[in-house]
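> sequence first, predicted model second:
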Amino acid sequence: MNIWFTSDPHYFHKNIAGPKVSSWKSGYRDFEDEKEMSRHIVKVWNQTVKEDDILYCLGDWCFAGIQNIWNFRKQLRCKNIHLILGNHDEHIRKNKELPNCFWNTDYENIKYLDGTFSRDVQEVNVSLTSDETHKKANAKDVFSSVQDVLTIKHGQHTFFLSHYSHQIWHHSHKGIIHLFGHSHDSIQGIGKSMDVGIDSAKRILGEYRPFSIEEIIYIMDKKEIKEIDHHNTKTN
């Protein structure tokens, strides 16, 4: 089992896909359209993150309608996806009910885009109606957990996860690692912090894929603790 971190897939977001479909002057990716981008993200994530791995996504899961929360999730092999809420995750934050048409027996035949894996809807944590004849679920149900921020420990390392970059975080002056997204590789992290979004991964790793925890530790070990206020290693 490996642990992975990523952010800002923006599944099916037209304006970020590429210059041919974007109305932005900059900040887009290099794809023909949002369909090609989304297919590519699914393919690369499935090649990288295995079924029993743990994936932390630091926000901005999808665009173009509430149905894409499940449309994206159903295509990923990984069973253990934890979501840190981003500014574009309002349907998930409000835990809205997913459209009923997306919860039916047809899901038994759904294949991932590479055609190699299929997930029955019953594998997701769903609630059933009283007569159990029609499956229904809310937006948060398709993730292992959903929260605004999260602190996790791995061996001797502690990680503070947030969609947004912080100047100071709990024990930043003592080496706790801060991972963030939101800024699409447009800003540098302070001290032992970094953008783990897929745009940052494209620059650093050469692909729009998640970072492994080992890759994060390797990068962070080269960074120095930044003391930007009165706190230092001798204070709490």
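In hand now; what should we look at?
> please count neighbours and contacts with C-alpha atoms only from this point.
Fine.
> now for the most centrally placed residue in the chain: which residues touch it?
In the chain, the residue lying closest to the centroid (C-alpha atoms, centre = their mean) is C57, at 2.1 Å. By C-alpha atoms under 8 Å, 6 or more residues apart in numbering, the contact set of C57 is 5-8, 81-84.
> just the closest of these to V142, please.
For those, the residue nearest V142 by C-alpha to C-alpha is I81; the value is 8.5 Å.
> helix, strand, or coil at the closest one?
strand (DSSP: H, G, I helix; E, B strand; the rest coil).
> excluding its backbone neighbours, what's nearest it?
L55 (4.8 Å; C-alpha to C-alpha, 6 or more residues apart in numbering).
> got CSV for the contacts of C57, with pLDDT and neighbour count too?
Below are the contacts of C57 laid out as CSV (pLDDT from 0 to 100; neighbours: other C-alpha atoms under 10 Å):
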residue, pLDDT, neighbour count
F5, 98, 25
T6, 98, 27
S7, 98, 32
D8, 98, 23
I81, 96, 21
H82, 97, 21
L83, 98, 29
I84, 98, 25
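> tell me the pLDDT of H173.
Per-residue confidence (pLDDT) for H173: 81.
> related to what we said a few turns ago, ok now the helix or strand where the residue nearest to I81 lies, how far from the chain's centre?
L55 belongs to strand 54-57 when assigned by DSSP states H and E. The chain centre lies 6 Å from the centre of strand 54-57; the measure is C-alpha atoms, centre = their mean, to the nearest Å.
> can I get the CA coordinates of the helix or strand that it is followed by in PDB?
Following strand 54-57 in sequence order, the next helix or strand is helix 67-73 (DSSP H and E). This file holds the C-alpha atoms of helix 67-73, laid out as PDB (Å, rounded to 0.1, in the frame of the first residue of the first chain):
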ATOM      1  CA  GLN A  67     -23.000  14.300 -11.900                       C
ATOM      2  CA  ASN A  68     -19.300  14.500 -12.600                       C
ATOM      3  CA  ILE A  69     -18.500  13.900  -8.900                       C
ATOM      4  CA  TRP A  70     -19.400  10.300  -9.500                       C
ATOM      5  CA  ASN A  71     -18.500  10.200 -13.200                       C
ATOM      6  CA  PHE A  72     -14.900  11.000 -12.200                       C
ATOM      7  CA  ARG A  73     -14.800   8.800  -9.000                       C
END
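> roughly how far out does helix 67-73 sit from the chain middle?
In terms of C-alpha atoms, centre = their mean, the centre of helix 67-73 is set 13 Å apart from its chain centre.
> hmm, who's touching it?
11-12, 42, 61-62, 98-99, 102, 139, 142.
> quick check: the farthest pair among these?
Based on C-alpha to C-alpha, the longest span within the contacts of helix 67-73 runs between V42 and P99 and measures 21.9 Å.
> which of those two has more neighbours?
V42 (23 against 14; other C-alpha atoms under 10 Å).
> neighbours around R203, how many?
11.
> same deal with F63?
Count around F63 with other C-alpha under 10 Å applied: 19.
> got a list of what it touches?
10-13, 88.
> can you give me the distance of it to L85?
Distance of F63 to L85, given as C-alpha to C-alpha, to the nearest Å: 14 Å.
> also W24?
Going from W24 to L85 by C-alpha to C-alpha gives 24 Å.
> could you do M37 as well?
In terms of C-alpha to C-alpha, M37 sits 22 Å off from L85.
> again, but for L58
From L58 over to L85 the distance is 7 Å, taken as C-alpha to C-alpha.
> of the two, which one has the most company?
Comparing L58 with L85 by other C-alpha under 10 Å, the one with more neighbours is L58, at 31 against 22.
> that one contacts L161, doesn't it?
Yes - at 7.1 Å, L58 and L161 qualify as touching, with contact defined as C-alpha atoms under 8 Å.
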